[in-house]
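# have a look at this prediction, sequence included:
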Amino acid sequence: MHDDVPTAAPLGVSFVMPVLNERAYLEHAVLSVLAQDLDEPVELILALGPSSDGTNEVAERLAAADPRIHLVENPAAHIPVGLNAAIRASRYSTIIRVDAHSELSPGYAARALTTLSRTGAANVGGVMHAEGRTPFQRAVARLYNSPVGLGGGAYHSGTEEGEAESAYLGVMRRPVLDEVGLFDETIRRGEDWELNLRIRRAGHRVWFDPTLSVTYWPRESWVRLARQFRATGAWRGELVRRFGRRNSMRYFAPPALVLLTALAVVVGILQLTGVVAGLASLLISVVYLPLVAYLLLVIAVALAPGGGGVRQRLWTLAVLPTMHFSWGIGFLGGVLRGAQDTIDASRLGTRNTPLP
């Protein structure tokens, strides 16, 4: 993780992108990078995992057509390993992380470089604006963009510029990466948060600029979404084990919901079997009140203006609890026993519909 690299990289921008099973999204993501209008030299380094859907063939075709694209191998398929491989292979003084499941808005890189220079920050990030094609994906995207869905992190719904805990994707100064070390390859999810923690501990600033926008395409199925959130929750639990209260309190809401639900189930069994009755039963029924409030919240979100058509609203009723409970269950497992070898299985063996 701390391999020595040149500390005086020439001026320019190196985009780095880990790629695994993204055939439907890769070309759009790459074209959004290459369309960035910059006066400095540019390169795009794709770290290719062992895809099974033809992604690597798409990457090879794109690299053959444009000399700015370079390919490196990521046989482990883990995101931080691929990012480090791409960064080590990069040449320039600014590193911009990009995602194969996203698209940069026009002018993103130029605005980010201006913000980096203006603020003196070590890492700059903006808003992850989720979008969808199907009713299911649009329901997921709407919740990604809502504080109710993902807890109100700045890069999901923030509007005020300023110092931040972390940065989505990130536009980073290469000398700072060399100083603090690259991504921690033992962390499979949440690796960006941990890197930004080290950046801030080293006395540098992480900056949020809401004028920077990246389009993100969520997972396309309920099963893949549940797998993604369980893995993300498990690794957040691992980060809590390692770094304790340096994690924001909002991360503890979904596991609290899971525990409260489990408690309500136990109470319900005790009441149904007559183990608890009378006044005692009435008193412990208070455990149901937060769950009723949560159910009403889910219904209100589904019915709220901007919720889309009937199918999208019905999916919202399923998606919002799936996100919270999958994340919360994963978190509790991560806290209790560590994330261990938990991976985001939603990225494996995918079959995506090409973007229009």
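Yep, it's here.
# and the top helix by length along the chain, how far from the chain's centre?
Secondary structure of the chain per DSSP state H: the longest helix is helix 310-337. From the chain centre to the centre of helix 310-337 is a distance of 15 Å (CA atoms, centre = their mean, to the nearest Å).
# same thing with stretch 132-147?
Its chain's C-alpha centre and that of stretch 132-147 lie 14 Å apart, by CA atoms, centre = their mean.
# other residues contacting that stretch?
128-131, 149-150, 156-157, 216-222, 225, 301, 306-309, 311-313, 315-316, 319-320, 323, 353, 355-356 (CB atoms under 8 Å, 6 or more residues apart in numbering). C-betas here are computed from N, CA, C, even on glycine.
# mean confidence score for that stretch?
Mean pLDDT, computed over stretch 132-147, is 92.
# just checking, next helix/strand downstream of the helix or strand harbouring Ala226?
Take DSSP states H and E as the rule and Ala226 turns out to sit in helix 222-243. Going down the chain from helix 222-243, the next helix or strand is helix 253-272, by DSSP H and E.
# so after the helix or strand bottoming out on mean pLDDT in the chain, what's the next helix or strand?
Comparing every helix and strand of the chain by mean pLDDT, DSSP states H and E singles out helix 154-157 as the least confident one, with a mean of 58. Following the chain from helix 154-157 toward its C-terminal end, the next helix or strand by DSSP H and E is strand 162-163.
# burial count for Leu282?
With neighbours defined by other CB atoms under 10 Å, the count for Leu282 comes to 11.
# surely it is in a strand?
No: with DSSP: H, G, I helix; E, B strand; the rest coil as the criterion, Leu282 is assigned helix and is not in a strand.
# re the thing from before, now list the buried members of the contacts of stretch 132-147.
Burial by neighbour count, 16 or more other CB atoms under 10 Å: within those this picks out 128-131, 149-150, 156-157, 216-220, 225, 301, 307-308, 312-313, 315-316, 319-320, 323.
# as a check, name the ranges of all strands in the stretch 1-150 of the chain.
13-19, 42-48, 69-73, 94-97, 102-104, 123-130 (DSSP state E, counting those that start in this stretch).
# please name every helix or strand in contact with the longest strand anywhere in the chain.
The longest strand of the chain (DSSP state E) is strand 206-216. Under the contact definition 3 or more CB pairs under 8 Å, 6 or more residues apart in numbering; DSSP states H and E, strand 206-216 sits against strand 102-104, helix 108-119, strand 123-130, strand 162-163, helix 191-201.
# just want the angle from that strand to strand 123-130.
Interaxial angle of strand 206-216 relative to strand 123-130 (axes from the mean of the first three to the mean of the last three CA atoms, to 10 degrees): 30 degrees.
# buried set for strand 206-216?
Neighbour counts using 16+ other CB under 10 Å place Val206, Trp207, Phe208, Asp209, Leu212, Ser213, Val214, Thr215, Tyr216 of strand 206-216 among the buried residues.
# pick out the most distant pair among those.
Val206 and Thr215 (22.0 Å; CB to CB).
# on that earlier part again, avg pLDDT for the longest helix of the chain?
Mean pLDDT, helix 310-337: 96.
# so it versus helix 222-243, what angle?
Calculated by the same axes, to 10 degrees, helix 310-337 forms an angle of 30 degrees with helix 222-243.
# same for helix 310-337, what does it pack against?
Counting contacts by 3+ CB pairs under 8 Å, 6+ apart, helix 310-337 is packed against helix 135-144, helix 147-150, helix 222-243, helix 253-272, helix 288-303.
# let me know which of those helices is tucked in deepest.
Stretch with highest mean neighbour count among the helices and strands packed on helix 310-337: helix 135-144 (a mean of 23; mean count of other CB atoms under 10 Å).
# got the angle for that one vs helix 288-303?
If you take the same axes, to 10 degrees, helix 135-144 sits at 120 degrees to helix 288-303.
# can I get helix 135-144 in CSV, CA atoms only?
The C-alpha trace of helix 135-144 is given here as CSV (Å, rounded to 0.1, in the frame of the first residue of the first chain):
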residue,chain,number,x,y,z
PRO,A,135,-39.2,1.9,-12.6
PHE,A,136,-37.1,-0.1,-10.2
GLN,A,137,-33.9,1.8,-11.0
ARG,A,138,-35.7,5.1,-10.9
ALA,A,139,-37.1,4.3,-7.4
VAL,A,140,-33.6,3.4,-6.2
ALA,A,141,-32.1,6.6,-7.8
ARG,A,142,-34.7,8.8,-6.1
LEU,A,143,-33.9,7.3,-2.7
TYR,A,144,-30.1,7.7,-3.4
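# cheers, nothing more for now.
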